[in-house]
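>>> Have a look at this fold, sequence not included:
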């Protein structure tokens, strides 16, 4: 009789055999089973997404390398604090560390307050940016021994603390979002995925520290130290970049929504529609993308932001009244206006109440189509007058109306259902900030 593991079908235990034979068969399998239970989520592989292994492999490589870098940085910090120097003051070193810790904790609170609500939307960007910032913090630690004591050293230590605080907030927030992505909604547990990720990183980082203990004693000059640190930083960032590139997110944030809508239709004329699947979008995503940048099939054509009505009002043309703006957008679920030149359009959006189904997706598609129509109008030699091409509202009104009509046609054609069938999560878009205000039109 054998006992099978439910998800993989592998043998867990055999019954009814001679003790010696059973022990021999279990000895090799028990080690692998124990390692799987300790480091992989329960129910693996059914409990996680298909991109889990690729991400964790590259993430483990970067964790191993960063463990060695941390050891080099810690040695530099100890030297800067006066370890081994009989003239150094332990009290002065303690006060310096207190100042560093205080600055770091205040930076943690400030950054989490300002950016915490957007980490999930662009988790791949912030996961990579976290290690870029961490590389800067390690560099600050390593230059500290060559800095004169006193206030200059305190500034370097505080800068390192701020960078580490920013890295911590970005890394923790983006990791939480990635854990949610990796967890299978039916068979997985997000807490288990997050816990096993921490276990994997702990063991790999420990291995990095052990490897670093063999490397650091040989770094006896500044040249060898910085050369080794530079090489480790390159490997660290390259592995982290490959890790986030391996992730295939199914939620529609600003960049992925623009990528999908730019291939789904063309408001400037007939074009064969192409439905971009999550895997295709992951291959085309830009990891370090400017927030809100609008790209038409890879080419930058403008920028958009979704927020308060004050930003929309600031761009509204003088000859377009507020009532006319509301009439133009109708019951779309948002208000929109833009400024700038073709190819570098700046679009501002404000959501309205009552809410409209898929208002965030419709708003971002409208912003993209406005920028597209502006770019095509300029390239095709629009016959509009010079006055209209300035801040005149007549041409912009036509452009906004045409963009809204293209959005209505696209959504009436069932693009939401087709996106869902392609694997996209359409009921939880990540376009607007978590606390985005909404405008209520009174007396309409």
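Received it, and whenever you're ready, just let me know what you need. Since this is a predicted model, take the numbers as computed values, not measurements.
>>> Quick check: buried residues in stretch 295-311?
Across stretch 295-311, burial judged by 16 or more other C-beta atoms under 10 Å covers 295, 296, 300, 301, 302, 303, 304, 305, 306, 308, 309, 311. Using the backbone N, CA and C atoms, a C-beta is placed for each residue, glycine as well.
>>> number of nearby residues for the residue nearest to the last one when sequence neighbours are not counted?
Nearest in space to residue 311, with sequence neighbours left out and distances taken as C-beta to C-beta, 6 or more residues apart in numbering, is residue 348 at 4.3 Å. If you count neighbours by other C-beta atoms under 10 Å, residue 348 ends up with 24.
>>> helix/strand/coil for residue 236?
helix (DSSP: H, G, I helix; E, B strand; the rest coil).
>>> host element of the nearest residue to it once chain neighbours are set aside?
Closest residue to residue 236 apart from its sequence neighbours, by C-beta to C-beta, 6+ apart: residue 65 at 4.6 Å. Per DSSP states H and E: residue 65 is located in helix 52-80.
>>> buried set for that helix?
Those would be 52, 55-56, 58-77, 80, for helix 52-80 by 16+ other C-beta under 10 Å.
>>> Likewise for stretch 166-186?
Result for stretch 166-186 [16+ other C-beta under 10 Å]: buried residues 166-171, 173-175, 177-179, 181-184.
>>> Also stretch 140-157?
140, 141, 142, 144, 145, 153, 154, 156, 157.
>>> Any idea how many residues pack against residue 226?
Count around residue 226 with other C-beta under 10 Å applied: 15.
>>> can I assume it sits in a helix?
Yes - checked against three-state DSSP, residue 226 lies within a helix.
>>> Identify the residue nearest it in space, chain neighbours excluded?
residue 142 (7.4 Å).
>>> if I've got this straight, that neighbour is in a helix?
Yes - under three-state DSSP, residue 142 sits within a helix.
>>> Tell me which residues touch it, please.
Residues counted as contacts of residue 142 (C-beta atoms under 8 Å, 6 or more residues apart in numbering) are 72, 73, 76, 225, 226, 229.
>>> Same question for residue 439.
With C-beta under 8 Å, 6+ apart, residue 439 has these contacts: 309, 335, 350, 351, 352, 353.
>>> what do you get for residue 62?
So residue 62 contacts 131, 235, 236, 237, 239, 240, 243 (C-beta under 8 Å, 6+ apart).
>>> let's see it at 7 Å
131, 236, 239, 240, 243 (C-beta atoms under 7 Å, 6 or more residues apart in numbering).
>>> which SSE is the spatially closest residue to it that is not a sequence neighbour in?
Once flanking residues are discounted, residue 62 sits nearest to residue 239: 3.9 Å by C-beta to C-beta, 6+ apart. Take DSSP H and E as the rule and residue 239 turns out to sit in helix 222-245.
>>> Next: residue 294.
strand 293-296.
>>> how close does residue 64 get to residue 154?
Distance, residue 64 to residue 154, by C-beta to C-beta, to the nearest Å: 32 Å.
>>> ok, now which ones touch residue 212?
67, 68, 71.
>>> err, residue 207, not the other one
64, 67.
>>> can you tell me the helix or strand for it?
helix 190-215.
>>> Report the buried residues of that helix.
Those would be 190, 192-194, 196-197, 200-201, 204-205, 208-209, 212, for helix 190-215 by 16+ other C-beta under 10 Å.
>>> Find the pair from those residues with maximum spatial separation.
Largest separation among those by C-beta to C-beta: 190 and 212, giving 32.2 Å.
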